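**Student:** Next come a sequence and a model predicted from it.
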Amino acid sequence: MSATVIVFISAKGGSGSSTICVGLADALQRKGAVALVDGDVIGRRNIAVLTDSIRALDAMREGPNVSVARAAGALTVVEMSPSFDAGFTIKMSDVEVLAGGICEAARYVVLDANQPFSGAVRPFAVRATKFFVVSEPTLLGAASTRSMLVELTKFGISRSLIEIVLNGRSGHSEISRGEFEKAVGGGVVAEFPLLTDRRYKKTMEALCAHVAELAASQELLQMAPSGRAAGDRRTGEGRRTEGPAPQTPAERSVVSAEQRNRREARDRLKAEVHEGLATRLDVVIASHATDAEKMAELREQVGATVTEIMQGRTDLGTAEEVVVLRQEIVDEALGFGPIEDLLRDDEVSEIMVNGCENVYVERGGKLEKTAKRFTNNGQLRLVIERMIAPIGRRIDESSPLVDARLADGSRVNAVIEPLAIDGPTLTIRRFGKRRLTIQDLVRLGAVSENVVEFLRAIVEARLNIVISGGTGSGKTTFLNILSGYIPQGERIVTIEDAAELRLDQDHVVRLEARPANLQGKGEVLIRDLMKNALRMRPDRIIVGECRSGEALDMLQAMNTGHDGSLTTVHANTARDALSRIETMVMMAGFDLPVRAIREQVSSAIDLVIQISRLRDGSRKVVSVSEVVGMEGDIVTMQEVLRYQQHGLDKQGKVAGEFRFTGVQPYCMKRFEEMGISFDIHAFAETERPKVAV
């Protein structure tokens with residue numbers, strides 16, 4: 001039997017991973033031979049000190065670096081390097097031979113790695129059964145853990161192989177275990193108190209038992225007649241985790257074939273279980289259930305049935321792999337398949353599926369590729385149809401584009417063949433379960449408190465506002481938040497392609513456009529809804545986004561007594577926003593003179609708020625500009641405030657401040673007429689935004 005290799009990685013320096021490694025290795029001695037490997041190649045010798053084996057290691061050292069010595073009991077200590085300089089002389093070939101021998105001789109290998117990407121520890125890391133990231137229960141620890149999880153995933157380590165260990169070295173926690181788990185998007189398997197606390201020993205025993213269970217599952221897998229060598233384990237979707245990476249094209253071809261075979265076997269197993277489900281439950285009908293309580297009961301019933309069908313199978317892998325496989329099958333039967341858990345992840349703001357093989361997400365404004373995949377394009381197509389069916393939308397060869405929404409308000413866009421050449425494409429723009437407030441924007445540094453007061457005043461003063469920004473800059477989210485300042489006593493009509501806005505006011509009428517049916521009839525455009533909204537006695541009209549000729553109807557509404565209306569447009573600057581609106585009016589089909597259109601724009605729109613997604617992924621209000629009239633044939637504007645950038649801080653975040661430009665806003669007169677209190681002197685003060693740590 002090959003050893004069970006456990007890798008410990010500190011999320012940041014000084015997390016105490018070496019102490020935990022020594023304690024775990026000592027506890028595991030009762031269950032078999034243990035090798036404790038110090039993977040730190042810069043010569044700090046923590047393991048040697050903690051195990052009192054410095055003399056033994058130095059005595060056994062033949063060359064300048066790697067040394068193996070016997071410690072107390074059944075413990076063997078391996079030290080990669082005794083000094084920083086010696087770390088540069090380590091030969092990968094020597095470590096590969098050493099790793100192979102140790103993994104054959106020991107039952108458990110515990111590796112204390114400064115990082116798993118170092119060449120010196122890679123021969124051990126690629127054999128790993130589990131990776132434990134050690135962190136402290138602090139805000140900095142949570143941020144470091146998130147970064148480490150991303151790096152491990154990029155390195156090719158499946159997220160299912162990574163678990164988190166908290167080490168309360170300081171004796172107090174800045175954040176609770178639950179808050180930490182929510183912050184990093186993963187569960188904590190063990191939480192160590194101070195070393196002197198009597199609970200420390202019990203926590204170590206629990207971690208030891210957990211590792212022993214992993215070893216038992218691995219041994220069962222190695223003994224199973226699966227047609228592969230005992231030492232050949234894989235992670236995720238068929239990645240090899242033992243032995244050196246293939247170097248030749250022929251070897252890479254063999255690995256690719258093995259990966260395909262493993263995927264095909266897994267897909268066949270899923271098909272068998274789905275057939276078994278179909279004979280016992282009406283899953284197809286049940287999957288369209290909308291009642292949350294009934295769906296929860298159905299999930300429990302399907303889960304129990306899947307467990308029963310899979311009972312006794314010996315070709316399913318480890319116990320952990322069985323649990324993952326079971327969840328995947330339940331998600332495919334009742335949910336949205338491989339992306340179901342991404343939809344449950346609060347940190348994911350966008351999900352992008354480019355064909356069945358490639359699934360990307362956006363976290364914190366940054367794109368990253370996941371290990372998720374669909375079985376084939378047919379499964380992806382089924383998931384798309386399951387998403388759009390509840391709201392009466394359709395997608396087929398005659399109508400290969402669709403916009404829809406999920407029950408939680410997330411925006412869905414899908415494109416299929418023949419327009420999508422490489423397979424169906426699915427994009428989901430997610431909105432948080434909790435609606436953001438203006439205080440959240442201040443905390444995140446998107447606006448300052450002085451800017452917030454100005455925005456409140458312009459909404460209460462019933463000024464017509466255009467929110468401008470690029471794709472993914474947060475226009476709809478900001479529109480939602482800004483609408484919170486509309487007084488309760490007003491009648492609001494919202495018009496959208498796919499309903500996303502969630503207003504808190506009582507008197508809200510929500511209208512949604514409709515595509516044509518199979519016969520090409522029944523289409524209702526935003527323009528049609530705009531015309532109808534004018535007959536509904538609205539106090540304010542909110543158009544989710546102006547994309548075409550509805551811009552003309554929006555301008556007419558703003559110019560005919562419906563002050564305080566809001567909309568969004570795609571544009572890079574405030575000036576570009578007005579140019580786009582001018583172009584969209586021309587798309588309405590009326591041969592209007594350019595000057596007439598610009599006069600409509602200048603008299604209808606009062607302010608343009610520009611939002612941008614900056615290089616660090618953050619979203620900010622970068623400019624607020626007033627439309628002040630016409631000079632000849634040109635619509636004139638003045639910038640009231642701007643966000644002044646000053647580069648990046650030490651954390652790589654954009655640094656800057658909100659500045660008042662010094663011009664007297666024209667809207668101050670409107671504030672006075674409406675009796676709205678606003679202190680222009682406080683607004684003129686420069687203020688640095690508060691940024692969450």
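**Tutor:** Received the coordinates, thanks. Residues are numbered from 1 along each chain as shown.

**Student:** Stretch 40-55: how far from the chain's middle?
**Tutor:** Distance of stretch 40-55 from the chain centroid (CA atoms, centre = their mean, to the nearest Å) equals 39 Å.

**Student:** Mind listing what's buried along that stretch?
**Tutor:** Asp40, Val41, Gly43, Arg44, Arg45, Asn46, Ile47, Ala48, Leu50, Thr51, Ser53, Ile54 (16 or more other CB atoms under 10 Å). Yep, even glycine has a C-beta here, placed from its N, CA and C like the rest.

**Student:** What of stretch 359-373?
**Tutor:** Val359, Val361, Glu362, Arg363, Gly365, Thr370, Ala371, Lys372, Arg373.

**Student:** Find the nearest non-adjacent residue to Asp26, please.
**Tutor:** Leaving aside its sequence neighbours, Asp26 sits nearest to Leu75 (CB to CB, 6 or more residues apart in numbering; 6.9 Å).

**Student:** what sits against that neighbour?
**Tutor:** Counting by CB atoms under 8 Å, 6 or more residues apart in numbering, Leu75 touches Ala25, Asp26, Gln29, Val34, Ala35, Leu36, Thr51.

**Student:** Looking at those residues, which two lie furthest apart in space?
**Tutor:** Maximum pairwise distance among these (CB to CB): 12.8 Å, between Asp26 and Ala35.

**Student:** more neighbours, the two?
**Tutor:** Shown here are Asp26 and Ala35; by other CB atoms under 10 Å, Ala35 has more neighbours (25 against 20).

**Student:** pretty sure the more buried one is in a helix, no?
**Tutor:** No - Ala35 is assigned strand when assessed by DSSP: H, G, I helix; E, B strand; the rest coil, not a helix.

**Student:** Run through the bridge partners of it.
**Tutor:** Thr76, Val109 (DSSP bridges).

**Student:** Relative to Ile541, how far out is it?
**Tutor:** The spacing between Ala35 and Ile541, counted by CB to CB, to the nearest Å, is 71 Å.

**Student:** for Ala128, same thing?
**Tutor:** In this view, Ala128 and Ile541 are 59 Å apart by CB to CB.

**Student:** Confirm for me that Phe454 is in contact with Phe683.
**Tutor:** Yes - using CB atoms under 8 Å, Phe454 is in contact with Phe683, at 5.6 Å.

**Student:** what touches both of those two?
**Tutor:** Taking CB under 8 Å, 6+ apart as the contact rule, Phe454 and Phe683 both touch Leu641.

**Student:** Show me where the stretch 351-500 of the chain has its helices.
**Tutor:** Using DSSP state H, counting those that start in this stretch, the helices of the stretch 351-500 of the chain run over 377-388, 438-444, 449-460, 475-482.

**Student:** most packed of those?
**Tutor:** Stretch with highest mean neighbour count among these: helix 475-482 (a mean of 22; mean count of other CB atoms under 10 Å).

**Student:** phi, psi of Met561?
**Tutor:** Not Met; residue 561 is Gly. Gly561 adopts backbone torsions of phi 100, psi 0, taken as degrees, to the nearest 10.

**Student:** Let me see the domain layout of this protein.
**Tutor:** Domains of the chain are assigned by automatic domain parsing as 4-240, 246-335, 354-433, 438-683.

**Student:** Mean pLDDT added to those domains, as a markdown table?
**Tutor:** Shown next, in a markdown table, are these (pLDDT from 0 to 100):
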| stretch | mean pLDDT |
| --- | --- |
| domain 4-240 | 78 |
| domain 246-335 | 61 |
| domain 354-433 | 85 |
| domain 438-683 | 88 |
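
**Student:** Export these as CSV, with columns for distance to Asp341.
**Tutor:** Conversion of those to CSV gives the following (distance: least, CB to CB, whole Å):
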stretch, distance to Asp341
domain 4-240, 10
domain 246-335, 7
domain 354-433, 8
domain 438-683, 22
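
**Student:** same for the strand ranked longest in the chain, what does it pack against?
**Tutor:** Longest strand of the chain, by residue count under DSSP state E: strand 634-648. Strand 634-648 is packed against helix 449-460, helix 574-586, helix 594-604, strand 619-631, strand 654-660, with contacts defined by 3 or more CB pairs under 8 Å, 6 or more residues apart in numbering; DSSP states H and E.

**Student:** Of the ones you listed, which is nearest Leu380?
**Tutor:** Closest approach to Leu380 among the helices and strands packed on strand 634-648 is made by strand 619-631 (29.6 Å; CB to CB).

**Student:** Hey, what's the angle from the closest one to helix 594-604? Just curious.
**Tutor:** Orientation note: strand 619-631 sits at an angle of 120 degrees relative to helix 594-604 (axes from the mean of the first three to the mean of the last three CA atoms, to 10 degrees).

**Student:** Mind listing the strands strand 619-631 pairs with, and their directions?
**Tutor:** strand 607-613 (antiparallel), strand 634-648 (antiparallel).

**Student:** Deepest-packed of those, please.
**Tutor:** Ranked by mean neighbour count under mean count of other CB under 10 Å, those are led by strand 607-613, which reaches a mean of 23.

**Student:** CA atoms of that strand as PDB?
**Tutor:** Below are the C-alpha coordinates for strand 607-613, written out as PDB (Å, rounded to 0.1, in the frame of the first residue of the first chain):
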ATOM      1  CA  LEU A 607     -27.700  64.400 -14.600                       C
ATOM      2  CA  VAL A 608     -25.500  61.600 -15.800                       C
ATOM      3  CA  ILE A 609     -23.800  59.400 -13.200                       C
ATOM      4  CA  GLN A 610     -20.800  57.500 -14.600                       C
ATOM      5  CA  ILE A 611     -19.900  54.100 -13.000                       C
ATOM      6  CA  SER A 612     -16.700  52.200 -13.800                       C
ATOM      7  CA  ARG A 613     -15.200  48.900 -12.900                       C
END
